[in-house]
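Colleague: Predicted model follows, preceded by the sequence.
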Amino acid sequence: MKLSREFKTGLVLASAIILFIWGFTFLKGKGLFQAKIYYYSIYNQVGGLVPSSPVFINGVKVGIVNDVYFEEKMSGLVVVKLLLNKDFPIPSNSVARIFSSDLMGSKAVEIVLGNSPIKASPGDTLPGAVEASLKEEVNQQVAPLKRKAEEMLSSFDSVLTALQSVFNENTRNDISQSFNRIRVSLENIQRTTSNIDTLVYTQKGRISNIIANVESISSNLRNNNQEITAIISNLNKVSDTLAKIRFQRIFDELDKNLSTLSLILQKIEAGEGSAGLLLNNDSLYINLNRSTRELELLLQDIRKNPGRYVKFSLF
């Protein structure tokens, strides 16, 4: 049977269309003859997830994202339809987590398997989660540093304000004067050190003699160590002898004598006895003074006129 040209043309065109559809679906990650198992997940936002994004389980690609659309109730929630290549046992509490699959921010879905003994059925809705993007993680890490930097800048600004208020013109002048005084003091110290060096150099001979004398004295002390020990021993004996003297008894006798003397002085001050009358009674002093003067006149008269009082007779 001979085929017509039109039939051949139609057959080639149909084959081309079939190949095109198969290639297109293959490039999208779908197979024409593969089992189609769907799961759903709902998110508040999907971070740029698009259809044909890969789906992974434990790092192994098991499907693709078949569709991304808003929920019918127009609540703003996003429904993601997952297409798996085979019926993989998925626990019902597994989570469909959207994450960044590369540094460029391309999104993918990873099904994090749960531990429930109940398995999810095709067509079920899995709980959804969205991993923080690299930008969000960086922001979370940088936020505390940014806050600390802001606090540090605020503190630094306060310190600068305080320094500006403290280091006014008068304070700067005082600091300048202080540095000048320090410079002068250092120059004086340097000058003094130079003078000491000069003195040591010029008096080197005398210093050597002094050191030699000190060494001689120390040598003499070392050679006369026994004599010095004997002197110290004698001093210890003298101190022991002095310690044995009954100084308390002597002090008691002295105190007793001082008490007696104090009593005598009190009696004299009160006018008792001759000494008291002499010190306190003017009449006794006057009479004694008169008697002394009259006795003096009598002695003068006897010296001048002895015959008036003494007569000698030889026959």
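Modeller: Alright, I've got the coordinates. Predicted model, so just to flag it, every value in this text is computed and none were measured.
Colleague: Tell me how far residue 147 lies from residue 159.
Modeller: 19 Å (Cβ to Cβ, to the nearest Å). In short, each C-beta sits where N, CA and C put it, glycine included.
Colleague: what does residue 302 give?
Modeller: In terms of Cβ to Cβ, residue 302 sits 115 Å off from residue 159.
Colleague: Where do the domain boundaries of this protein fall?
Modeller: Here the domain parsing of the chain from the TED database is 1-32, 34-131, 246-307.
Colleague: can you put the ones you listed in CSV and add mean neighbour count?
Modeller: As requested, those are arranged in CSV below (neighbours: other Cβ atoms under 10 Å):
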stretch, mean neighbour count
domain 1-32, 10
domain 34-131, 15
domain 246-307, 11
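Colleague: any chance of these in CSV, with distance to residue 209 and mean pLDDT too?
Modeller: Output for those, formatted as CSV (distance: least, Cβ to Cβ, whole Å; pLDDT from 0 to 100):
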stretch, distance to residue 209, mean pLDDT
domain 1-32, 108, 65
domain 34-131, 88, 89
domain 246-307, 49, 72
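Colleague: got CSV for those, with distance to residue 154 too?
Modeller: Converted to CSV, the domains of the chain look like this (distance: least, Cβ to Cβ, whole Å):
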stretch, distance to residue 154
domain 1-32, 54
domain 34-131, 35
domain 246-307, 80
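Colleague: With respect to residue 225, which of these lies nearest?
Modeller: Ranking the domains of the chain by proximity to residue 225 (Cβ to Cβ) places domain 246-307 first, at 34.0 Å.
Colleague: what are the ranges of the helices in this structure?
Modeller: 5-27, 134-166, 169-202, 204-223, 225-244, 247-270, 273-280, 282-304 (DSSP state H).
Colleague: would you list these in CSV and tack on distance to residue 44?
Modeller: Below are those laid out as CSV (distance: least, Cβ to Cβ, whole Å):
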stretch, distance to residue 44
helix 5-27, 31
helix 134-166, 14
helix 169-202, 60
helix 204-223, 95
helix 225-244, 102
helix 247-270, 107
helix 273-280, 126
helix 282-304, 131
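Colleague: out of the ones you listed, which comes closest to residue 122?
Modeller: helix 5-27 (19.7 Å).
Colleague: Run through the stretch 101-250 of the chain and note the low-pLDDT ranges.
Modeller: 133-143, 162-168, 242-248 (pLDDT under 70).
Colleague: let's go with 90 and repeat that
Modeller: Where the stretch 101-250 of the chain drops to pLDDT under 90, the residues are 101-106, 131-250.
Colleague: Residue 57: which of the helices of the chain is closest?
Modeller: That would be helix 5-27 among the helices of the chain, by Cβ to Cβ, at 21.3 Å.
Colleague: Just give the nearest non-adjacent residue to residue 69, would you?
Modeller: Of all residues not flanking residue 69 in the chain, residue 79 sits nearest, at 5.6 Å (Cβ to Cβ, 6 or more residues apart in numbering).
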